[in-house]
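K.L.:
mind looking at a prediction? Sequence and model below.
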Amino acid sequence: MDESMFQIVEGGRYWCALVIRLEDGVDDALLAAVTAATDLSFEEYGSGGFGGETLADVWKAGDNLLMEVECDEVGVKALFVRADTQERAIAIRSTVGEHMSAWSEQMLRTQLADSYADAPKSLVALLMATGGARADDETLDLLQRALDHEDEEVREYAEYAAQVAAELGHPPVVMREAESGEARAE
């Protein structure tokens, strides 16, 4: 296999994300709404991951990335934004929130503050909601409480969530889709 098909895809420096339902994801309607909000035209770039527990489908517009990221081990999906300006990151994230049910780091943390031990897999969703950026201090405090919890399952999921979060702090490695020009050239 041609190694040049695999690429590390760097995005913009402004990162954010929203956790979404497993059945939701990037579609033509969302891409059109993002274009209307930002004047960016995202095109499917390829599929890959962050080197471990997550898979990602990547759309690209210049230095801007929109990624559908799934951790199938625990059944969590999020849309990640890596944009070249803060304004674009906010606009893309807002558009996602208008088009589907979505949860931010802050929303999930509020929901889980006193109940994470009842659903420890949700700790992975909480950390995925950071989009690979550093978690808020309050989230890190909650994760530490989970790491110190008396229940072994809670501790294991807290460790797993921290592992996933560490992976997501890197750019994804993506196998490129066939270039449209190459596909037509015969």
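P.N.:
The structure has been received and is ready for your questions. Worth saying up front: this structure is predicted, and the values here are computed from it rather than measured.

K.L.:
give me the low-pLDDT residue ranges for this protein?
P.N.:
1-4, 178-186 (pLDDT under 70).

K.L.:
the residue lying closest to G25 once chain neighbours are set aside: what secondary structure?
P.N.:
With Cβ to Cβ, 6 or more residues apart in numbering as the criterion, G25 has its nearest non-adjacent residue at 5.0 Å, and that residue is E68. Backbone N, C-alpha and C define where each C-beta goes, glycine included. Remark: E68 carries the secondary structure label strand [criterion: DSSP: H, G, I helix; E, B strand; the rest coil].

K.L.:
show residues contacting the longest helix anywhere in the chain.
P.N.:
Longest among the helix segments of the chain by residue count, using DSSP state H, is helix 152-168. Contact with helix 152-168 is made by 50-54, 69, 71, 73-74, 80, 116-117, 120-121, 123-124, 126-128, 130-132, 135, 143, 146-149, as judged by Cβ atoms under 8 Å, 6 or more residues apart in numbering.

K.L.:
who's in contact with the residue nearest the centre of the chain?
P.N.:
When the chain is reduced to its mean C-alpha position, the closest residue under Cα atoms, centre = their mean turns out to be F80, at 3.5 Å. Contacts for F80 (Cβ under 8 Å, 6+ apart) come out as W15, C16, A17, A56, L65, L66, M67, V69, G131, G132, L168.

K.L.:
roughly how far apart are it and E153?
P.N.:
Spatial separation of F80 from E153 under the definition Cβ to Cβ, to the nearest Å is 27 Å.

K.L.:
re earlier: which positions within the longest helix of the chain qualify as buried?
P.N.:
Using 16 or more other Cβ atoms under 10 Å as the burial criterion, the residues of helix 152-168 that qualify are V154, Y157, A158, Y160, A161, A162, V164, A165, E167, L168.

K.L.:
ditto for stretch 89-98
P.N.:
Applying a neighbour-count criterion of 16+ other Cβ under 10 Å, the buried positions in stretch 89-98 are A89, I90, A91, I92, R93, T95, V96.

K.L.:
chain center to stretch 69-89, what's the gap?
P.N.:
Once both centres are worked out by Cα atoms, centre = their mean, to the nearest Å, stretch 69-89 turns out to sit 2 Å from its chain's centre.

K.L.:
can we start the residue count at 540 from this point?
P.N.:
In the new count, where the first residue is 540, that last one comes out as stretch 608-628.

K.L.:
start to end distance for that stretch?
P.N.:
This stretch, stretch 608-628, spans 17 Å end to end (Cα to Cα, to the nearest Å).
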